[in-house]
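[1] Build me a structure from this.
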Amino acid sequence: MPTYVYLCEKCGEEFSRIMSFKEYEEAKIACPKCKSKKVRQQLTEFISRTSRKS
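    This is a model prediction of the structure:
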């Protein structure tokens, strides 16, 4: 499942959540520190892991 990183615009707390795509679409994200719903998703690096077959 993907990890999403958020930044609270009220207190500045950065936090992450691991959610399925369905949970992400339906989520009402709130800051775990101050409970504000004024959060912004941050851009993060994406690394894909694949298996190699010899």
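[2] For this protein, which element, helix or strand, carries the lowest mean pLDDT?
    Least confident helix or strand, the chain: helix 21-26 with a mean of 92, by mean pLDDT, DSSP states H and E.
[3] Check what contacts that helix and list those residues.
    2, 4 (Cβ atoms under 8 Å, 6 or more residues apart in numbering). Yep, even glycine has a C-beta here, placed from its N, CA and C like the rest.
[4] And the next helix or strand past that helix?
    If you walk from helix 21-26 toward the C-terminus, the next helix or strand you reach (DSSP states H and E) is strand 39-41.
[5] follow-up on the earlier one: distance from the chain centre to the least confident helix or strand of the chain, please.
    Helix 21-26 has its average C-alpha position 11 Å from the chain's average C-alpha position, going by Cα atoms, centre = their mean, to the nearest Å.
[6] Same question for stretch 41-48.
    On the basis of Cα atoms, centre = their mean, stretch 41-48 is displaced by 9 Å from the centre of the chain it belongs to.
[7] Equivalent analysis for stretch 22-29, please.
    On the basis of Cα atoms, centre = their mean, stretch 22-29 sits 10 Å off its chain's mean C-alpha point.
[8] how about it: buried residues?
    Taking 16 or more other Cβ atoms under 10 Å as the basis for neighbour counts, the residues of stretch 22-29 that come out buried are Ile29.
[9] in this protein, which ranges drop under the pLDDT threshold?
    Counting by pLDDT under 70, the chain shows low-confidence ranges at 53-54.
[10] Remind me which helix or strand Arg52 belongs to.
    Arg52 belongs to no helix or strand when elements are defined using DSSP H and E.
[11] Please list all residues in contact with it.
    Contact criterion Cβ under 8 Å, 6+ apart gives no residues in contact with Arg52.
[12] Dump the least confident helix or strand of the chain to PDB, keeping only the CA atoms.
    Output of helix 21-26 as PDB, limited to C-alpha atoms (Å, rounded to 0.1, in the frame of the first residue of the first chain):
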ATOM      1  CA  PHE A  21      -6.200   3.700  -3.000                       C
ATOM      2  CA  LYS A  22      -9.800   3.300  -1.800                       C
ATOM      3  CA  GLU A  23      -9.000   4.600   1.700                       C
ATOM      4  CA  TYR A  24      -7.100   7.500   0.100                       C
ATOM      5  CA  GLU A  25     -10.100   8.500  -2.100                       C
ATOM      6  CA  GLU A  26     -12.500   8.500   0.900                       C
END
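[13] Much appreciated, bye for now.
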